[in-house]
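J.: make a model of this:
(3 chains)
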Amino acid sequence: MPVRIRRSFRAPGSLAAFLFLAPFLAFYGAFLVVPLLLGAWMSLHRWELLGDLRAYCGSGNYLRMLRDPLFRSSLVHSAQFTLMAVPTITAVALFLALVMNRPHRLYAALRSIFFASGALSVTAVTLIWLMVLNPSRGLFARFMAALGFAPVDLLADPRLAMPALVVTTLWWGIGFPMVLFLAGLQQIPRELYEAAKLDHASPWTTFRRITLPSLRRTILLVLVVEVILQFQVFGQVLLMTRGGPANRTRVLVQYIYETSFRDWQVGYAASMSMLLLLVMSVASFVQLRLSRPGD
Amino acid sequence: MARTWARWLSHALLTALALAWMSPLLWVILLSLTPNEALARGDLAPRMLTTAHYQTLLAVSQAPRWFLNSLLVAGTMTAATLVLSSLAGYALARIPFRGRNGVFLFIVAGLAVPEQAIFLPLHRMFAELELHNTYTALIAPRLAGPFGVFLMTQFFRAVPREMEEAAELDHAGRVRTFLFIMLPLARPALTTLGIFTFLYAWNDFLWPMVSATDPDMYTLTVGLSSLQGNFAQSESLGFVMASAVVASSPMILVYLLFQRYIVRGMALGGVR
Amino acid sequence: MASVRLKGITHRYQRTEVLRDITLDIEDGELMVIVGPSGCGKSTLLRIIAGLERPSGGDVEIDGVRVNDVEPAQRGVAMVFQNFALYPHMTAAENMGFALRNLGTSARETDARVRETARLLQLEPLLDRLPGQMSGGQRQRVAIGRALVRNPRIFLFDEPLSSLDAQLRIEMRAEIARLHQRFGSTMVYVTHDQVEAMTLADRIAILNAGKLEQVGAPLDLYRSPRNLFVARFLGAPRMNLLEGELASASAAGAEVRVRGGPVLRVAAIADRLAANARVTLGIRPEHLRPGPSAGDLEGQVSVVERLGDRTLVHLDLDIGAEVLCEDRGESPIRVGERVHVHAPAGAFHLFDESGIALPRIVAA
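T.: Have a look, this model is predicted:
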């Protein structure tokens, strides 16, 4: 047997590691890290594409946010949407997961139905719901008419437009939290339920004393994940209400989008992006903390 | 027995709820098959169905082109993501080198960066490079997402060390071990990641909308939104609905066929 | 065929020392079993021989050549892993042929050699199956086949039977013994199971907390354990221990005063100890015979375990210690009875305060 001196396999694999990592890191650096730094840099400039203005302004853009009523209202609308959507979605997903967590063919099929709308793109979803909510011939209007009510244009009603967006989002995005809850339910050992049964626990007691406490972590996780998702709401609003009626649904990401692509004030828009980034990374950090198992 | 009745009742209620949940989708499919005259009258249940809207879609609109764009973009993005993520994930999980934890954290930190927060500078970059309205612009920035690397790292970490040691004793070098042992083992994870990437790419909206302004470069998702303006008129209503169906049905199919993998990926994404 | 020599092997993970100055010669064609409780460093030692781990200090020699810097694959060793580590996406034949193919052996020759090995191990019907489609025992044999097909100089086994059920373990144990007799190859076998060690080994090396406690033929270790650890580790049920102090010592034997009890005669040479030194007396259950009267020690029966061929009797001695003794299969002893036990002087083991065995006087 020839005796050869060991090669790099077991030696510190810096070169090999570099070769394996380099392709991804190239993309990561170019299209995530660089834009991040560029965004931070842009946010420190008055930078308007029309007229080609570009001047350093320090914290000027950030101070401007404080004074900008449109920014403030868009922030409020994003928060409103989040506050409405997150509890609704979480509650409905938990409910569906609880009632459908049974090994039965019917339930497998039903789960697929609630799950499937998640496959649609935001444009398809909004198209469908614009049709459904259409006051003259939408499914909803016909339904209301059948019950003897006058047709309402939900999306044109300043009070009802936001809830309508929430319902659309609920229909679109229920699958993900539902799956998380189902996964959480699967992890509760069956022996716990059998023991509870032997201990004469009623279904309600079992739910309150076993299911809910076991799901506490999952519930928190779903809440945080949904906050991250919903606070960045954009497509539904842009395509269904364009921020209306009366600017009642203009949300933060939409305002960023409009500030840069309609008003061409990219510096100001970049500073708002930075604020969004800050808020989101705090939330992501919480999520990471929550989802690390076993501490 | 009362319990049997209760069970049937809950079955029935849930089934009704599911049907109601599905009704918007079914209705849109129905609209896409309804002749224009019936649409103009506002019939709820047309007496005749037609495929005319689908024919128009194929014949006169740009939808087929958009469909191909979406296919090309999503396909390339998926293939590239699988390659990049499995390479990087393997290195992070299995090749000891100085600073490995640091690199891993540096990459994982990217999970906290929402696309909404960087699309603007990214758009400037591609504008400076004059790369908008190219496939490169549609694909390349989307390969920077760290989720795939994260997923593959977690997967490779879970592979028993003995598997690699057996390969080492079997005279397989680093590359052979990666190609012939680790990659085949990772097939379930790769499938999950692949489906996720494909769905994500196909449904991607904000970036293709701001990057592709030339209708020839639209993806189906963006193209569809450009049609929405004219959908108030009854003549194009069926047509718009048909395009929505065409855009959505492949994804729904993928979703239902690979539900198992998607569910696993979601669970992994949440419980990471 | 090859010999292995370990010279002063030490190994550290960060601060903790897992192996301390291990020196061990494994002869050509020998089946050496390295045995010890979990965490004693035995698997690490095996991995150092394989080259999967690099020792912090000391040398590994194979056939007299220092191989510290030789790649695992080049050492001519084959390893059977604890969980077999079969590649789950490859059939048995592909698993077995993988190494040969990596070495550039032609597909035809690989196939021929795989088939030949499969015939030897009666694996032929399994060749096209994936590991997932095999039982535990079948996987085990394929793992052995994968090692065998490469014709290695040394076989390494890392607890290869621990994931099998009890019955299968006995069968595979015999199979490995047959394999060793047939090929006479050098084998190093790591296990935590002292029964496996006793039945398989030409020689046993007992490892404890990173230290080599004793090396020798199974029965030698059983009869003359060098210290308390080895005495307690080998043999099931375990050796009984009684605390006491030395009453007298001479070339003819020693007398030990058991704590709180009688003075017993022990065939051991304890000259080097001071009078009244604290000692530990060891006696294996099979040498401690219970009877109704006239014994050295007396106590009450707390538990009786009837195994059919023999009966294990747990005794609460009047002097406050608990011992286990063995009686014949049809023992009349019942729980709660009072029983005397007796052992011949030659059956006792004597250990000094630090647990080192004192030399025994072996009856001619």
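J.: how about the helix or strand residue A:278 falls within and chain B, touching?
T.: For residue A:278, the host element (DSSP states H and E) is helix A:266-291. Yes - against chain B, helix A:266-291 shows contacts by Cβ under 8 Å from any Cβ of the partner chain at A:266, A:269-270, A:273-274, A:276-277, A:280-281, A:284-285, A:288, A:291. Bear in mind the C-beta positions are built from the backbone N, C-alpha and C, glycine included.
J.: that helix: which residues count as buried?
T.: A:266-277, A:279-281, A:283-284, A:286-287, A:290-291 (16 or more other Cβ atoms under 10 Å in any protein chain shown).
J.: quick one: mean pLDDT over that helix.
T.: Taken as a whole, helix A:266-291 has a mean pLDDT of 86.
J.: what is that helix packed up against?
T.: Helix A:266-291 sits against helix A:34-42, strand A:45-48, helix A:60-67, helix A:212-231, helix A:252-261, helix B:115-128, with contacts defined as 3 or more Cβ pairs under 8 Å, 6 or more residues apart in numbering or on different chains; DSSP states H and E.
J.: for the stretch 151-300 of chain C, which spans come out with low pLDDT?
T.: C:293-295 (pLDDT under 70).
J.: where do the helices sit along it?
T.: C:166-183, C:194-200, C:218-223, C:228-233 (DSSP state H, counting those that start in this stretch).
J.: which parts of chain C sit against chain A?
T.: Contact residues, chain C versus chain A (Cβ under 8 Å from any Cβ): C:51, C:54, C:65, C:67, C:69-72, C:74-76, C:153.
J.: make it 6 Å
T.: With the criterion set to Cβ under 6 Å from any Cβ of the partner chain, chain C comes near chain A through C:69-71, C:74, C:76.
J.: which residues touch the residue in the stretch 151-300 of chain C positioned nearest to chain A?
T.: With Cβ to the nearest Cβ, the shortest gap between the stretch 151-300 of chain C and chain A falls at residue C:153, namely 6.8 Å. The neighbours of residue C:153, taking Cβ atoms under 6 Å, 6 or more residues apart in numbering or on different chains as the test, are C:2, C:76.
J.: at 10 Å instead, please
T.: A:1, C:1-4, C:28, C:62-63, C:75-78, C:185-186 (Cβ atoms under 10 Å, 6 or more residues apart in numbering or on different chains).
J.: so which of these are also by chain B?
T.: C:75, C:77-78 (Cβ under 10 Å from any Cβ of the partner chain).
J.: using a markdown table, lay out those residues together with pLDDT and neighbour count.
T.: Output for these, formatted as a markdown table (pLDDT from 0 to 100; neighbours: other Cβ atoms under 10 Å in any protein chain shown):
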| residue | pLDDT | neighbour count |
| --- | --- | --- |
| C:75 | 91 | 24 |
| C:77 | 92 | 27 |
| C:78 | 92 | 25 |
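J.: strands - which of those residues land there?
T.: Within those, residues falling in strands by DSSP state E are C:77-78.
J.: closest to residue C:311 among the ones next to chain B among the contacts of residue C:153?
T.: residue C:78 (44.6 Å; Cβ to Cβ).
J.: identify the bridge partners of that closest one.
T.: residue C:155 (DSSP bridges).
J.: would you confirm that it contacts residue B:170?
T.: Yes - between residue C:78 and residue B:170 there is a contact under Cβ atoms under 10 Å: 9.0 Å.
J.: overlap of the contact sets of those two?
T.: Listed as contacting both residue C:78 and residue B:170 by Cβ under 10 Å, 6+ apart are C:99, C:146, C:150.
J.: how close does residue B:109 get to chain C?
T.: If you measure residue B:109 against chain C using Cβ to the nearest Cβ, to the nearest Å, the figure is 27 Å.
J.: what's the pLDDT at that residue?
T.: Reported pLDDT for residue B:109: 88.
J.: unless I'm mixing things up, it is touching residue B:146, no?
T.: Yes - when contacts are counted by Cβ under 10 Å, residue B:109 is listed as touching residue B:146 (8.2 Å).
J.: which neighbours do the two have in common?
T.: With Cβ under 10 Å, 6+ apart, residue B:109 and residue B:146 have common neighbours residue A:32.
J.: which of the two has more neighbours?
T.: In this view residue B:109 and residue B:146 are compared by other Cβ atoms under 10 Å in any protein chain shown, and residue B:146 has more residues nearby, 22 against 16.
J.: torsion angles phi and psi at that one?
T.: phi -90, psi 0 (degrees, to the nearest 10).
J.: following the helix or strand hosting residue B:167, which helix or strand shows up next?
T.: Using DSSP H and E, residue B:167 sits in helix B:161-169. Remark: after helix B:161-169, the chain's next helix or strand is helix B:174-176, criterion DSSP H and E.
J.: list the buried residues of the very next helix or strand once past that following helix.
T.: Downstream of helix B:174-176, the next assigned helix or strand under DSSP H and E is helix B:183-185. Across helix B:183-185, burial judged by 16+ other Cβ under 10 Å covers B:183, B:185.
J.: swap in stretch A:167-186?
T.: Neighbour-count burial for stretch A:167-186 [16+ other Cβ under 10 Å]: A:167-185.
J.: from the chain's centroid, how far away is that stretch?
T.: The gap between where stretch A:167-186 is centred and where its chain is centred comes out at 12 Å by Cα atoms, centre = their mean, to the nearest Å.
J.: and if you look at stretch A:44-63?
T.: Stretch A:44-63 sits 30 Å away from the centroid of its parent chain (Cα atoms, centre = their mean).
J.: give me the distance between the two termini of that stretch.
T.: 11 Å (Cα to Cα, to the nearest Å).
J.: and if you look at stretch B:215-225?
T.: End to end - Cα to Cα - stretch B:215-225 spans 11 Å.
J.: buried ones in it?
T.: Quick answer for stretch B:215-225 (16+ other Cβ under 10 Å): B:217-225.
J.: swap in stretch C:95-105?
T.: Residues of stretch C:95-105 classed as buried: C:95-102, C:105 (neighbour count, 16+ other Cβ under 10 Å).
J.: out of those, who's near chain B?
T.: Applying Cβ under 10 Å from any Cβ to these, those adjacent to chain B are C:95-102.
J.: among the residues you listed, which ones are in helices?
T.: The helices, defined by DSSP state H, take in C:95-102 from these.
J.: in the stretch 101-250 of chain A, which residue sits nearest chain C?
T.: Distances between the stretch 101-250 of chain A and chain C by Cβ to the nearest Cβ are smallest at residue A:186, namely 22.7 Å.
J.: ok, now which ones touch that residue?
T.: By Cβ under 10 Å, 6+ apart, the neighbours of residue A:186 are A:97, A:101, B:267.
J.: okay, these in JSON lines with secondary structure, distance to chain C and pLDDT next?
T.: Shown next, in JSON lines, are the contacts of residue A:186 (DSSP: H, G, I helix; E, B strand; the rest coil; distance: Cβ to the nearest Cβ, whole Å; pLDDT from 0 to 100):
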{"residue": "A:97", "secondary structure": "helix", "distance to chain C": "31", "pLDDT": "92"}
{"residue": "A:101", "secondary structure": "coil", "distance to chain C": "28", "pLDDT": "87"}
{"residue": "B:267", "secondary structure": "helix", "distance to chain C": "22", "pLDDT": "74"}
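J.: tell me the centre residue of the chain?
T.: Reading this off chain A. In chain A, the centroid-proximal residue (Cα atoms, centre = their mean) is residue A:229; its distance is 1.2 Å.
J.: was after chain B, sorry
T.: For chain B, the residue nearest the mean C-alpha position is residue B:199 (1.0 Å; Cα atoms, centre = their mean).
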